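*Asks:* sequence plus the predicted model coming up.
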Protein chains: 2
Amino acid sequence: MQRLGQASKNGASAALCAGEVLVGVPEVMRYLRHQMRRRRHRGLTVPQFRALVFVAHHDNASLSDIAEHLGISLPAMSRLVGTLVRRGLMCRKEGRDDRRRISLSLTGRGRSAFRVAHAAARRSLAERIGDLPLREIARVTAAMQVLARLFVPNASDGGSSGR
Amino acid sequence: MQRLGQASKNGASAALCAGEVLVGVPEVMRYLRHQMRRRRHRGLTVPQFRALVFVAHHDNASLSDIAEHLGISLPAMSRLVGTLVRRGLMCRKEGRDDRRRISLSLTGRGRSAFRVAHAAARRSLAERIGDLPLREIARVTAAMQVLARLFVPNASDGGSSGR
DNA sequence: TATTGTTATACTCTATAACTATA
DNA sequence: TATAGTTATAGAGTATAACAATA
């Protein structure tokens, strides 16, 4: 996928693109945070939401799994999970073969909170995006898929050199 | 630009797109945060960086101006600015006609820190983006411009209601 | 000893509430 | 009284360092 000589060839375009990403992505993120705070989607913050997303897709994940995926430290993750457990959204069990590894899963309330928050965030975004012409919507959709592939480490990327 | 009947027509595409944005944008953001923390770009956090960006583009902005643009509360903004002033990156003066409004500007060090952080963040992104084929880079660039227009209130948007 | 996770401590970010100073 | 900002207080997010439990 990545040719070695391509970096220099694409350098100028990549730098331009990076500048635009640096403008656009934080703006969207700001909007999302603002929405989540305003409507208090079941009281979830963005990191809490992202932790729920991960566990919803990876049942019985360990703390290290989530921490690595979200790119935050183990202690930070431990605390974040602690608040989710305290609120009855996540369940923390001892692993059966390796008792050091914890096994995380969503409770019924956790699954429900996740669905509600996800739907609300998506609806907020869709409301704005719906103002665009169809061609631009398609363009944004395609670009997001490209970015997701590029920046999510576990999605079909080898990951041996990644981190 | 936005016809009223368009929302329903574009609804399905917009919802799909919103789902993709909800995956892609947080991933890019996570990467950016991680980079900023790893390399400690002059010790700037993302919110601090964004405050510098705003003041770099809007000299003599007031606290309310930044707070509204970043979408955070006045007290939160006050503290954020306080740390930037304490670190010698930003300058907080009293407004000349209205002494309640403060007038914010970057110090030399602030401008330099901003430039360094911006260049580093951009380079980090460009490194990854450079792996993409040119066509996809162009696609991402275009999409980001669309999103920025859509989510930044003051960029070529009427702004009569915004501020 | 190495790995997994937690707790301790110390920041920053953020909000709401209460306050000060200016208009 | 209304507006611009600050300070007080509280809670979440985050990191590093120190620790406990398990392998």
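*Replies:* Right, received. Where do you want to start? The structure presented is a predicted model; accordingly, all values stated were derived computationally and were not measured.
*Asks:* quick one: is the top helix by length along chain A near DNA strand D?
*Replies:* Counting residues, the longest helix in chain A under DSSP state H turns out to be helix A:6-39. No: Helix A:6-39 lies apart from DNA strand D when judged by C-beta under 7 Å from any atom of the strand; the minimum separation is 10.4 Å. Any C-beta I mention is one placed from the backbone N, CA and C, and that applies to glycine too.
*Asks:* ditto for stretch A:56-75
*Replies:* Yes: using C-beta under 7 Å from any atom of the strand, stretch A:56-75 reaches DNA strand D at A:L70, A:G71, A:I72, A:S73, A:L74, A:P75.
*Asks:* re earlier: list the buried residues for the longest helix of chain A?
*Replies:* For helix A:6-39, burial by neighbour count (16 or more other C-beta atoms under 10 Å in any protein chain shown) applies to A:6, A:10, A:13-32, A:35-36.
*Asks:* same thing with stretch A:99-118?
*Replies:* A:R101, A:I102, A:S103, A:L104, A:S105, A:L106, A:G110, A:A113, A:F114, A:A117, A:H118.
*Asks:* for the residues you listed, which one is nearest B:L80?
*Replies:* A:A117 (26.3 Å; C-beta to C-beta).
*Asks:* just the pLDDT for the residue nearest the centre of chain A.
*Replies:* Centroid check for chain A by C-alpha atoms, centre = their mean gives A:R50 as the closest residue, at 4.9 Å. In this model, A:R50 is scored at 94, pLDDT.
*Asks:* give the contact list for the closest residue in space to A:M29 that isn't next to it in sequence.
*Replies:* Leaving out its chain neighbours, the residue that sits closest to A:M29 by C-beta to C-beta, 6 or more residues apart in numbering or on different chains is B:M29, at 5.0 Å. Counting by C-beta atoms under 8 Å, 6 or more residues apart in numbering or on different chains, B:M29 makes contact with A:V25, A:P26, A:M29.
*Asks:* ok, B:M29 to DNA strand C distance?
*Replies:* To DNA strand C, B:M29 is 12 Å away according to C-beta to the nearest atom of the strand, to the nearest Å.
*Asks:* and A:S64, by the same measure?
*Replies:* Counting by C-beta to the nearest atom of the strand - A:S64 and DNA strand C are separated by 3 Å.
*Asks:* likewise A:L106?
*Replies:* 16 Å.
*Asks:* bridging residues for that residue?
*Replies:* A:M90 (DSSP bridges).
*Asks:* hmm, it is touching A:A56, no?
*Replies:* Yes: contact criterion C-beta atoms under 8 Å: A:L106 and A:A56 qualify, at 5.9 Å.
*Asks:* in this structure A:K93 contacts A:S105, no?
*Replies:* Yes: using C-beta under 8 Å, A:K93 makes contact with A:S105 at a distance of 7.5 Å.
*Asks:* ok, the residue in chain A that chain B sits nearest to - contacts?
*Replies:* The nearest approach of chain A to chain B comes at A:A143, 3.3 Å away (C-beta to the nearest C-beta). By C-beta under 8 Å, 6+ apart, the contact list for A:A143 reads B:G24, B:R139, B:V140, B:A142, B:A143, B:M144.
*Asks:* tell me the two of those that are most distant?
*Replies:* Checking these with C-beta to C-beta, the most distant pair is B:G24 and B:A142, at 14.7 Å.
*Asks:* picking that back up, which of the contacts of A:A143 lies closest to DNA strand D?
*Replies:* DNA strand D lies nearest to B:G24 out of those, by C-beta to the nearest atom of the strand, at 17.6 Å.
*Asks:* what's the distance between the nearest residue to A:A76 once chain neighbours are set aside and A:A119?
*Replies:* Nearest residue to A:A76, sequence neighbours excluded (C-beta to C-beta, 6+ apart): A:A67, at 7.5 Å. Applying C-beta to C-beta, to the nearest Å, the value for A:A67 to A:A119 is 27 Å.
*Asks:* also A:N10?
*Replies:* Taking C-beta to C-beta, one finds A:N10 at 38 Å from A:A119.
*Asks:* same question for A:A126.
*Replies:* Taking C-beta to C-beta, one finds A:A126 at 10 Å from A:A119.
*Asks:* so which of these two has more stuff around it?
*Replies:* A side-by-side neighbour count of A:A126 and A:A119, using other C-beta atoms under 10 Å in any protein chain shown, places A:A126 first with 23 against 12.
*Asks:* I'm done for today, thanks for sticking with me.
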